[in-house]
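Peer 1: need the 3D shape of this:
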Amino acid sequence: MNFVTSWSGGKDSCYAMMQAVQQGFIPKVLLNMMNENGKVSRSHGLPLAILNQQAQKMQLPMEAIPATWGDYEAKFIAVLKMLKAKYDLEAAVFGDIDLQPHKDWEDKVCEAASLKAILPLWQQDRIVLVNQMLESGIVTMIVSCNTTMGESYLGKILTKELARELQEKGIDPCGENGEFHTLVINCPLFSEAIELPKFATKTYNDYCFIVWEE
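Peer 2: Predicted coordinates:
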């Protein structure tokens, strides 16, 4: 079964894709929704150059689609339909763990595009899941987080110890509620690690994030 991955650049979409591949599905293309200027990804604030590097390490095409929040859904459905025809797709893979409104939306857009929504991580235990990701060979870095965590966490590589520390602070170790987002630097799907540009950190509207040098 050929599939598109809804690729954020972070650990959850990466591990979902790894799981789908393990189940015998065939990855054909990555899809990322960008902000309206097309420069950074909507969900994780990652520059297109970094997303393209990830795609190159997997030898897969990347579809990066600029969208506003207003036209996001319509564009997502349109691009799913286009990719379905172009790559003979049967499914779309998503990295959500247990946010029901997200799953409902993904089921809806996939149905509109006549694709099957696959969520390999759905309703798995968070700390077990993070440990599995790390054991599977995913190397991932925190690129944004809330002010409860603070700027000191930015640029840190996620480890089992760090996940446990977050859990002890009452923070979801998967960041499923948006507490933090990650960037996959390396994983078994990559031929080699990506190279990161230099970066600074800043806090804006109660959220801390990495500012990448262009």
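Peer 1: run through the helices of this structure in chain order.
Peer 2: 11-22, 48-58, 72-87, 100-112, 126-135, 160-168 (DSSP state H).
Peer 1: pretty sure residue 61 sits against residue 31.
Peer 2: No: taking contacts as Cβ atoms under 8 Å, residue 61 lies outside contact range of residue 31: 9.8 Å. From N, CA and C alone the C-beta is placed, and that goes for glycine too.
Peer 1: of the two, who's got more company?
Peer 2: Counted by other Cβ atoms under 10 Å, residue 61 and residue 31 do not tie: residue 31 has more neighbours, with 20 against 16.
Peer 1: can you pull the domain assignment for the protein?
Peer 2: What the TED database lists as the domains of the chain is 2-118, 126-212.
Peer 1: what's near enough to touch the closest residue to residue 12 other than its chain neighbours?
Peer 2: If the residues on either side of it in the chain are set aside, residue 12 comes closest to residue 95, at 3.3 Å by Cβ to Cβ, 6 or more residues apart in numbering. By Cβ atoms under 8 Å, 6 or more residues apart in numbering, residue 95 lies in contact with 6, 8, 10-17, 119, 121.
Peer 1: turn those residues into JSON lines, including neighbour count, pLDDT and distance to residue 168.
Peer 2: Putting the contacts of residue 95 into JSON lines (neighbours: other Cβ atoms under 10 Å; pLDDT from 0 to 100; distance: Cβ to Cβ, whole Å) gives the following:
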{"residue": "6", "neighbour count": "24", "pLDDT": "98", "distance to residue 168": "31"}
{"residue": "8", "neighbour count": "25", "pLDDT": "96", "distance to residue 168": "26"}
{"residue": "10", "neighbour count": "25", "pLDDT": "97", "distance to residue 168": "22"}
{"residue": "11", "neighbour count": "26", "pLDDT": "97", "distance to residue 168": "20"}
{"residue": "12", "neighbour count": "26", "pLDDT": "97", "distance to residue 168": "21"}
{"residue": "13", "neighbour count": "24", "pLDDT": "97", "distance to residue 168": "26"}
{"residue": "14", "neighbour count": "28", "pLDDT": "98", "distance to residue 168": "25"}
{"residue": "15", "neighbour count": "26", "pLDDT": "98", "distance to residue 168": "23"}
{"residue": "16", "neighbour count": "24", "pLDDT": "98", "distance to residue 168": "26"}
{"residue": "17", "neighbour count": "27", "pLDDT": "98", "distance to residue 168": "30"}
{"residue": "119", "neighbour count": "21", "pLDDT": "98", "distance to residue 168": "28"}
{"residue": "121", "neighbour count": "22", "pLDDT": "97", "distance to residue 168": "23"}
